[in-house]
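Student: Quick one, what's the 3D model for this:
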Amino acid sequence: MRLFLDCEFTQLNQNTKLISLALVSETGDEFYVELTDTYQVADCSDFVIQNVLPQLNLSLYGMSLVEAQAALRVFLGCIEGQLEVCSDAPDWDWDFFCQLAYVDHKWPSHVANRPTNLIHLFRHFEADDIGNITLPELPHHALLDARLLAELYQHLTAASKQDRD
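Tutor: As a prediction, the model looks like this:
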């Protein structure tokens, strides 16, 4: 089972901090959290302040880091089989996923311990495989972006399967 990961964070630098994280499974199960105690607005770039923060709904999705870790463990525990986490930006997103998934020196045993880079997977497809899909600009919202990644992957693999049949 693949889980499509996306994160929003404060800046594109080594001191970046997690703002929100989303996972969307191949079957449509979703996990989404907005962190309330991992960053301050002063940590954010102007881009993040203008494009990411206004989309947050902390009253609905806000959790502390500890609460988010527990919620992720429950979410992952409800999905059977081996889990493969896929990201279009694993150099950024994977470390944030690990902050939530690796708790008390324990890794979820059914989750692969390295990400799958979607860019490498997508390279195997031809431009024609995209067909009539209009690729929207990413909305810079972790859940919406993860949904887009899942949809694109499903469309491309379905098109590839049809070509083989």
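
Student: Angles on the backbone of Cys86, please.
Tutor: Dihedral pair for Cys86: phi -120, psi 140, per degrees, to the nearest 10.

Student: Could you pull up the contacting residues of it?
Tutor: Counting by CB atoms under 8 Å, 6 or more residues apart in numbering, Cys86 touches Arg2, Leu3, Phe4, Leu5, Pro115, Thr116, Asn117, Leu118, Leu121, Leu149, Tyr153. C-beta here means a position set from N, CA and C on the backbone, and glycine is covered the same way.

Student: Give me the next element, helix or strand, following the worst-scoring helix or strand of the chain on mean pLDDT.
Tutor: The least trusted helix or strand in the chain, going by mean pLDDT, DSSP states H and E, turns out to be helix 118-122, with a mean of 77. Tracing the chain C-terminally past helix 118-122 and defining elements by DSSP states H and E, one meets helix 142-164 next.

Student: pLDDT of that following helix, averaged?
Tutor: When pLDDT is averaged along helix 142-164, the result is 81.

Student: what helices or strands is it leaning on?
Tutor: On a contact count with 3 or more CB pairs under 8 Å, 6 or more residues apart in numbering; DSSP states H and E, helix 142-164 meets strand 2-9, strand 18-25, strand 30-35, strand 84-87, helix 118-122.

Student: can you rerun that using 7 Å?
Tutor: Helices and strands touching helix 142-164, by 3 or more CB pairs under 7 Å, 6 or more residues apart in numbering; DSSP states H and E, are strand 2-9, strand 18-25, strand 30-35, helix 118-122.

Student: and for the helix or strand that comes right after the third one, what are the contacting residues?
Tutor: Sequence order places helix 46-51 as the next helix or strand after strand 30-35, per DSSP H and E. Judged by CB atoms under 7 Å, 6 or more residues apart in numbering, the contacts made with helix 46-51 from elsewhere in the structure are Thr10, Gln11, Val41, His140.
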